[in-house]
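1. Sequence and predicted structure are below.
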Amino acid sequence: MALIVQKYGGSSVADADSIKRVAKRIVDTRRGGHDVVVAVSAMGDTTDELLDLAHAVAPIPAPRELDMLLSSGERISMALLAMAIHSMGFEARSFTGSQAGMITTAEHGSARIVDVTPFRVREALDDGAIVIVAGFQGFNRDTRDITTLGRGGSDTTAVALAAALDADVCEIYSDVDGIFTADPRVVPRARKLNVVSAEEMLELAANGAKVLYIRAVEYARRHGVMINARSTFSSGQGTYVLAEGMTAPEGSEADQMEEPVVAGVATDLSQAKITVIGVPDVPGKAAEIFKIVARSGANVDMIVQNVSAAATGRTDISFTLPKAAASAALRALAHEQADVGFENLVHDDQIGKLSVVGAGMRAHSGVSATLFEALSTTGINIEMISTSEIRISVVVRGDDLAEAARVVHTAYGLDGDTEAVVYAGTGR
């Protein structure tokens, strides 16, 4: 008997029929002799609808009350899922995040898990029940308030439960068959990977891949949790995400670790570019600029500084950051313009980032050349470049990003024989 933690996203529990389908899958796992703990997201677009409702009654909703509101979405789906399982003749107990022992920091809307004390979950498992836990939420001991975990919160809930319970595997269900070599909505001939390293998955998630969230992957890597990304709508084995030293289950499609040069191509349209023009080319000016940006709360991704113009002694510095953070960063920089001494600011929110990721890059030459040649032959211009040991990222025009992803995917030999299937259309 294994202990399996499963997570189902919003598209998997979007309506009553979907909830009954998920309940059957959970019951089938229990019939297979396994203990089952489930983390569940809010139904469909419930969270977005609750956010819209909050902003309709208050332009800036109080963070504490917003968490109370948003956490209700997962409580609805957990209770309905438990009811559906009961109707199939199996005992199920639903728990909120706080009841399940998800202890978090106090930040509303972006709390982080600091401890998991799943005593009630253990008791329910010992009694033979299937356990359903509301994802995305927790409890702060100091304030005694409900908190929410932010983006990817239900994934992180599932992985944290798997770590605390010493589960055999954490299955993350969505509407695609696993981790693909690219987003199948962007690259139709993307190919499913049987296995991917946690290191590669971290890079893919950080650079736009949406099937798994980076916080959940990092938590799994740090605590030794095996993730299996699967589809709610098919019976395929999905993709195993393996930390260092892990091997996929014997007999699975992934029981031999694949080591391709390039594991996948990720795309991201959520970033903007700011160029600080005419910066005095003297020591300390870049530090001043990025201290200002940091104080605005922006998380900078890529940075490029041009060569100083000999005639003026000035240079330009460009950097990328999330679109949502650009306005605050621009205001902060403009406020300090006289002190820093730069000439102007240019904001561009029509960019796209393409990233090529693969652990095999460490031992193979020519990976960069293949990327640049593929983009060149298509006439796509590169605006910025950033690299790590296992990743190359480039910024291109946003309108060119989908085509860039397809040609680069083909150039690395990643295309599959058939088009990938996305069952519900969201990727979650």
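-> Structure received.
2. Nearest residue to Ala209 in space, ignoring adjacent ones along the chain?
-> Spatial nearest neighbour of Ala209, excluding adjacent residues (CB to CB, 6 or more residues apart in numbering): Ala266 at 4.7 Å. (C-beta placed from N, C-alpha, C; glycine too.)
3. Same question for Tyr412.
-> Val262 (4.5 Å).
4. Same check on Ile179?
-> Thr239 (3.9 Å).
5. related to what we said a few turns ago, the residue nearest to Ala209: which element?
-> Per DSSP states H and E, Ala266 falls inside strand 264-268.
6. what's the burial count for Asp400?
-> 18 (other CB atoms under 10 Å).
7. what's the pLDDT at it?
-> Asp400 is assigned a predicted lDDT (pLDDT) of 97.
8. ok, now which ones touch it?
-> 352, 380-381 (CB atoms under 8 Å, 6 or more residues apart in numbering).
9. Any idea what Val422 is bridged to?
-> Val176 (DSSP bridges).
10. Give the burial count for it, as a bare number.
-> Neighbours of Val422 under the rule other CB under 10 Å: 21.
11. confidence score at Thr426?
-> Reported pLDDT for Thr426: 51.
12. Glu259 now?
-> Predicted confidence (pLDDT) for Glu259: 62.
13. rewinding a little: and the residue nearest to Ile179, what's its pLDDT?
-> 94.
14. Drop anything exposed from the contacts of Asp400.
-> The neighbour-count test (16 or more other CB atoms under 10 Å) marks 352, 380 as buried among those.
15. Among the contacts of Asp400, which ones are in helices?
-> Among these, no member falls in helices (criterion: DSSP state H).
16. buried ones in stretch 209-222?
-> So stretch 209-222, judged by 16+ other CB under 10 Å, has buried residues 209-221.
17. Please apply the same query to stretch 91-109.
-> For stretch 91-109, by 16+ other CB under 10 Å, it's 92-105, 108-109.
18. Helices along the chain, start to end?
-> 16-31, 46-57, 63-87, 119-126, 153-165, 198-206, 214-223, 285-295, 323-335, 337-340, 367-377, 401-411.
19. So for the fourth one, what gets flagged as buried?
-> In terms of neighbour count (16+ other CB under 10 Å), helix 119-126 has its buried residues at 121, 124-125.
20. What lies in contact with that helix?
-> So helix 119-126 is contacted by 3, 35, 37, 93, 95, 99-101, 131, 133, 161, 165 (CB under 8 Å, 6+ apart).
21. got it, and the second one?
-> Contacts with helix 46-57, where a contact means CB under 8 Å, 6+ apart, come from 10, 41-42, 61, 66, 69-70, 72-73, 76-77.
22. now for those, which pair is the farthest apart?
-> Pro61 and Ser77 (21.8 Å; CB to CB).
23. Which of the two has more residues huddled nearby?
-> Ser77 (28 against 18).
24. And the pLDDT at Ser41?
-> Reported pLDDT for Ser41: 95.
25. got the contact list for Val394?
-> 353-355, 371, 375, 382-386.
26. quick one: which of those residues is nearest Thr117?
-> Closest to Thr117, out of all of the contacts of Val394 and judged by CB to CB, is Ser355, at 37.7 Å.
27. what's the burial count for the closest one?
-> Ser355, neighbours per other CB under 10 Å, totals 25.
28. try Ser376
-> Counted with other CB under 10 Å, Ser376 comes out at 11.
29. State the distance from the spatially most central residue of the chain to Leu149.
-> Of all residues in the chain, the one closest to the mean position by CA atoms, centre = their mean is Tyr213, 2.1 Å from it. For Tyr213, the distance to Leu149 (CB to CB, to the nearest Å) stands at 10 Å.
30. which residues are in contact with both of those two?
-> Thr156.
31. Among the buried residues of stretch 209-222, which pair sits farthest apart?
-> The farthest-apart pair in the buried residues of stretch 209-222, when distances are taken by CB to CB, is Lys210 and Arg221, at 18.5 Å.
32. Just the pLDDT at the residue lying closest to Arg406 once chain neighbours are set aside, thanks.
-> Sequence neighbours aside, Val187 is the residue nearest to Arg406 in space, at 5.3 Å (criterion: CB to CB, 6+ apart). pLDDT, Val187: 93.
33. and Val5, what does it touch?
-> 36-39, 158-159, 161-162, 165, 167, 169-171.
34. Those: which two are farthest apart?
-> Pairwise across those, and taking CB to CB, the largest span is found between Val36 and Val159, at 15.7 Å.
35. In terms of packing, which of those two has more residues around it?
-> Comparing Val36 with Val159 by other CB under 10 Å, the one with more neighbours is Val159, at 31 against 26.
36. Check whether that one really touches Glu218, as I assumed.
-> No - using CB atoms under 8 Å, Val159 is not in contact with Glu218, being 9.1 Å away.
37. Let me know how buried Ala16 is, in neighbour terms.
-> Using other CB under 10 Å, Ala16 has 11 neighbouring residues.
38. hmm, who's touching stretch 31-42?
-> By CB under 8 Å, 6+ apart, stretch 31-42 touches 1-10, 12-13, 26, 29-30, 47, 50, 73-74, 76-78, 81, 121, 125, 130-136, 154, 157-158, 161-162, 165, 167, 428.
39. burial measure for Thr315, as a count.
-> 20.
40. Show me the beta-bridge partners of it.
-> Val279.
41. Please look at Glu203 and Ala359 and confirm they touch.
-> No - distance between Glu203 and Ala359: 9.2 Å, which falls outside the contact criterion (CB under 8 Å).
42. Determine the residues that are contacts of both of these two.
-> Joint contacts of Glu203 and Ala359 (CB under 8 Å, 6+ apart) are Ile390.
43. between these two, who's got more neighbours?
-> Taking neighbours as other CB under 10 Å, Glu203 and Ala359 compare with Glu203 leading, 26 against 20.
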